[in-house]
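Enquirer: Based on what follows, work out the 3D shape:
(one chain, ligands or ions: 1)
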Amino acid sequence: MNFELTEQQLKYRSAFRKFAQERIDPIAQELDEKALYPHDIFDEMKQMGFYGFTIREEFGGSGADSVSFAIALEELARAAAGVAVAFAVHNSIGSFALDVYGTDEQKKELLPKMASGEILTSFALTEENAGSDAGNIETTAVRDGDEFVINGTKRYITNGKYANLHSISALTTPGRGKKGLSCLLVPSDAPGFRVVKTENKMGQRCSDTATLEFKDCRIPVSNLLGKENRGLSIALKALDSGRFGVASIAIGCAQAAFEKALHHAQTRVQFGKTIISNQGIEFMLAEMGTQIEAARLMIYRAAWRKDQGLPIGKEAAMAKMYATEVAEMVTYRAVQILGGAGYMKENDVERYYRDQRICQIYEGTNQIQRWVIAIQLIREFGK
Ligand SMILES: Cc1cc2nc3c(=O)[nH]c(=O)nc-3n(C[C@H](O)[C@H](O)[C@H](O)COP(=O)(O)OP(=O)(O)OC[C@H]3O[C@@H](n4cnc5c(N)ncnc54)[C@H](O)[C@@H]3O)c2cc1C
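Expert: Residues are numbered from 1 along each chain as shown. The predicted structure is shown next:
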């Protein structure tokens, strides 16, 4: 067993750290305050080849391994988790189904454009009556000759407004419930497609979260991804594959908050000594640092298993559940260690506290992760 990062992984870490600290961190407060989507930052990320980070080299991407992807997400999230999530969706759940289930033609046509950033993707599963219960999707895609006609609404979709290709789940065989769901690619210029709302959020405010409407929206049948009526399994596999990325975003917020708290504890003097001289504060920091490292190891293990082609359902769910709850505790304590300063926007930790919060909700809530983990543990150890 080797716990060292490879030379390539270290190189990626320095590249993403430099970019995040120099280009994103200085404007992160403003992006949050004004809920600004940072077009310039994303343009630069395109030019640096970040849009194709996980896309295979044969399709023009960098073909980065999953541990590198986890590292990149942590670095971006240390500066602004909203930038990290846009990058994460495009490089994981937005492109996953195409890479794994797409036809050769679909891959050749679309993956190079995704790698260059000409195409930005979203992953649209959630609806008003289908959140945790993804099998309850009501959007329909009925065949009419060489086209599917889509009707329905998807909500809370990351990259929803700015993506030009949406990977959606819809009922191609209505009446069969989750067994009638298929995965379809919908370009944003398809007739009948419209973005009807963008959300004003608690955290990750510079990310784009939108409601998508499909009204007699027509796409060619060749935009079907994978087999018809196998859409739920494809969507759930995509979520499995992206989950450790959410964990990394949470740990990026936690690491940033931890560093601010440590610095504050070493410099803030009360009762004639630095506050870190109090064991109550020092022990809090020791626990925060330990939990972050434990979570990071769980993330790297899930990512490494993915690259080995091993199952990651349990490991990714455990990493997401643990890391996101560590992030909650660490950012909460960071605010506490900064005292009144922790509550002020100028010191960033309240932003990390808000930004990490959604990581326990999207890509499957932590209650759903517990369910996934329990099922696997029962299979492994149950009688
Ligand atoms: C900022 C943001 C970005 C998002 N991005 C995307 C995206 O890109 N694509 C996409 O498709 N979706 C996206 N989502 C949607 C997200 O995945 C859902 O919000 C999430 O899956 C929960 O669904 P829900 O909101 O309908 O909550 P519900 O499913 O209604 O859950 C409400 C509560 O009940 C609990 N609960 C539900 N069922 C059970 C159960 N069986 N056992 C125990 N507890 C249960 C949940 O854990 C939760 O605490 C995003 C959401 C947000 C807020």
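Enquirer: Quick check on the residue of the stretch 1-150 of the chain found nearest the ligand: phi, psi?
Expert: Closest contact between the stretch 1-150 of the chain and the ligand, by Cβ to the nearest ligand atom, is at residue 131 (1.7 Å). C-beta here means a position set from N, CA and C on the backbone, and glycine is covered the same way. For residue 131, the backbone dihedrals (degrees, to the nearest 10) come out as phi -110, psi -100.
Enquirer: Please list the residues of the stretch 251-383 of the chain that sit near the ligand.
Expert: Within reach of the ligand by Cβ under 6 Å from any ligand atom, the stretch 251-383 of the chain has these residues: 358, 361-365, 367-368.
Enquirer: and the residues you listed, which of them are in helices?
Expert: Using DSSP state H, the subset of these located in helices is 367-368.
Enquirer: now the residues of the stretch 251-383 of the chain next to the ligand in a markdown table, with pLDDT?
Expert: Listed next are those as a markdown table, based on pLDDT from 0 to 100:
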| residue | pLDDT |
| --- | --- |
| 358 | 98 |
| 361 | 98 |
| 362 | 97 |
| 363 | 95 |
| 364 | 96 |
| 365 | 98 |
| 367 | 98 |
| 368 | 97 |
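Enquirer: Now do stretch 122-129, average pLDDT.
Expert: Averaging pLDDT along stretch 122-129 gives 98.
Enquirer: let me fix that: stretch 162-175
Expert: On average, stretch 162-175 scores 96.
Enquirer: show me what contacts the spatially closest residue to residue 260 that is not a sequence neighbour?
Expert: Distances taken as Cβ to Cβ, 6 or more residues apart in numbering put residue 349 closest to residue 260, at 5.3 Å, once the chain neighbours are dropped. By Cβ atoms under 8 Å, 6 or more residues apart in numbering, residue 349 lies in contact with 257, 260-261, 331, 334-335, 338, 342.
Enquirer: Just the ones of the residues you listed in helices?
Expert: Using DSSP H, the subset of the contacts of residue 349 located in helices is 257, 260-261, 331, 334-335, 338.
Enquirer: Let me see the ranges of the helices in the stretch 251-383 of the chain.
Expert: Secondary structure of the stretch 251-383 of the chain by DSSP state H, counting those that start in this stretch: the helices cover 279-307, 313-338, 349-357, 366-381.
Enquirer: how far away is residue 160 from the ligand?
Expert: Taking Cβ to the nearest ligand atom, to the nearest Å as the measure, residue 160 falls 7 Å from the ligand.
Enquirer: Tell me, how many residues neighbour that residue?
Expert: 26 (other Cβ atoms under 10 Å).
Enquirer: Checking it next. Helix, strand or coil?
Expert: Secondary structure state of residue 160, per DSSP: H, G, I helix; E, B strand; the rest coil, is coil.
Enquirer: Show the backbone phi and psi for it.
Expert: phi -60, psi -40.
Enquirer: Need the residues that contact stretch 273-283.
Expert: Residues from elsewhere that reach stretch 273-283 (Cβ under 8 Å, 6+ apart): 262, 264-269, 285, 337.
Enquirer: top of those by neighbour count?
Expert: Neighbour max across these (other Cβ under 10 Å) = residue 337, 25 neighbours.
Enquirer: Can you give the domain ranges for this structure?
Expert: With domains defined by automatic domain parsing, the chain comprises 7-116, 121-228, 233-381.
Enquirer: In stretch 219-233, which residues are buried?
Expert: Residues 219, 223-226, 228-229, 231-233 are the ones in stretch 219-233 that count as buried (16 or more other Cβ atoms under 10 Å).
Enquirer: So what would you say the end-to-end distance of it is?
Expert: 22 Å (Cα to Cα, to the nearest Å).
Enquirer: wait, does that stretch make contact with the ligand?
Expert: No. Figure legend: stretch 219-233 not in contact with the ligand (Cβ under 6 Å from any ligand atom); closest approach 12.6 Å.
Enquirer: what's the spacing between that stretch and its chain's center?
Expert: 23 Å (Cα atoms, centre = their mean, to the nearest Å).
Enquirer: now stretch 109-129
Expert: Per Cα atoms, centre = their mean, the centroid offset for stretch 109-129 relative to its chain is 13 Å.
Enquirer: Kindly reformat the buried residues of stretch 219-233 as a markdown table containing distance to residue 276, pLDDT and secondary structure.
Expert: Output for those, formatted as a markdown table (distance: Cβ to Cβ, whole Å; pLDDT from 0 to 100; DSSP: H, G, I helix; E, B strand; the rest coil):
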| residue | distance to residue 276 | pLDDT | secondary structure |
| --- | --- | --- | --- |
| 219 | 59 | 98 | strand |
| 223 | 57 | 97 | helix |
| 224 | 59 | 97 | strand |
| 225 | 53 | 96 | strand |
| 226 | 54 | 95 | coil |
| 228 | 60 | 96 | coil |
| 229 | 59 | 96 | coil |
| 231 | 53 | 95 | helix |
| 232 | 51 | 94 | helix |
| 233 | 51 | 94 | helix |
